[in-house]
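Engineer: Based on what follows, work out the 3D shape:
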Amino acid sequence: MRDRLFKLWLDQNCDCIQGADLLHFAPERGLAALIRPIARSYISADLAVGRADRQIDIENMAFGDCSFDVVLCSHVLEHVDDARALNEIHRVLRPNGFALIMLPLIEGWARTYENPRFVKPDERALHFGQLDHLRFYGRDVRERIRRASFALSEFTAEGPDVAKYGLLAGEKLFIARRE
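Structural biologist: Numbers count the residues shown, from 1 in each chain. As a prediction, the model looks like this:
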């Protein structure tokens, strides 16, 4: 389902990806198939060995400053130290480059729910919905992204597009631009 919201955004913003140098974390095959043909360069990245073109830690990337026009980060930040990851994403983006960020968001919660004491997989599954999640994001996720020096906008499917693309009502794609 994650690739559907991105597909809707891409249908309306294809020119933002066309000719871009793009880094894609935790790549989904569907998204990669949409992006690879139109980007100038495409690198898929994952911490796990063999799941992407390159094994890369999003919290400590082995790329120089200003290496990419676009970073796609779909359902990754809830697994890592998000402050470090966002700072690294900002660092590797070129001026006016942007990150496309999707994550589990509960708009009804003002604050992100996290607790570093929960380290066992069963505790994380109970509190955060998955064995390897560290948090559920609340509305304050916007401030977390802005703290990494990003200008932030949002893309939300509305009206008939929700049904047409089989989306969750209110699902968000955050566009974090390096100025």
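
Engineer: distance of the closest residue to Ala26 other than its chain neighbours from Pro37?
Structural biologist: Of all residues not flanking Ala26 in the chain, Val76 sits nearest, at 4.9 Å (Cβ to Cβ, 6 or more residues apart in numbering). Where you see a C-beta, it was placed from the backbone N, CA and C, and this is true even at glycine. Counting by Cβ to Cβ, to the nearest Å, the gap from Val76 to Pro37 is 23 Å.

Engineer: Which one's more surrounded, the two?
Structural biologist: Val76 (20 against 10; other Cβ atoms under 10 Å).

Engineer: What does the pLDDT read for the more buried one?
Structural biologist: pLDDT recorded at Val76 is 95.

Engineer: for it, what are its contacts?
Structural biologist: 25-26, 58, 85, 103 (Cβ atoms under 8 Å, 6 or more residues apart in numbering).

Engineer: 7 Å - rerun?
Structural biologist: Applying Cβ atoms under 7 Å, 6 or more residues apart in numbering, one finds that Val76 lies in contact with 25-26, 58.

Engineer: Can you give me the distance of the residue nearest to Ala26 to Leu5?
Structural biologist: Per Cβ to Cβ, Val76 is found 15 Å from Leu5.

Engineer: Can you show me the strands along the protein?
Structural biologist: 21-25, 41-46, 54-55, 68-74, 93-102, 113-114, 135-136, 150-156, 172-178 (DSSP state E).

Engineer: possible to save those strands as CSV with distance to Arg142 and mean neighbour count?
Structural biologist: Formatted as CSV, the strands of the chain follow (distance: least, Cβ to Cβ, whole Å; neighbours: other Cβ atoms under 10 Å):
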stretch, distance to Arg142, mean neighbour count
strand 21-25, 20, 24
strand 41-46, 25, 19
strand 54-55, 30, 12
strand 68-74, 15, 23
strand 93-102, 11, 20
strand 113-114, 16, 14
strand 135-136, 15, 21
strand 150-156, 6, 15
strand 172-178, 8, 20
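
Engineer: Those strands into TSV, with extra columns for distance to Asp81?
Structural biologist: Shown next, in TSV, are the strands of the chain (distance: least, Cβ to Cβ, whole Å):
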stretch	distance to Asp81
strand 21-25	14
strand 41-46	16
strand 54-55	18
strand 68-74	13
strand 93-102	15
strand 113-114	11
strand 135-136	10
strand 150-156	17
strand 172-178	17
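
Engineer: quick one: which of those is nearest Glu143?
Structural biologist: strand 150-156 (9.2 Å; Cβ to Cβ).

Engineer: Direction included, what does the closest one pair against?
Structural biologist: Strand 150-156 sits in its sheet next to strand 172-178 (antiparallel), going by DSSP bridges.
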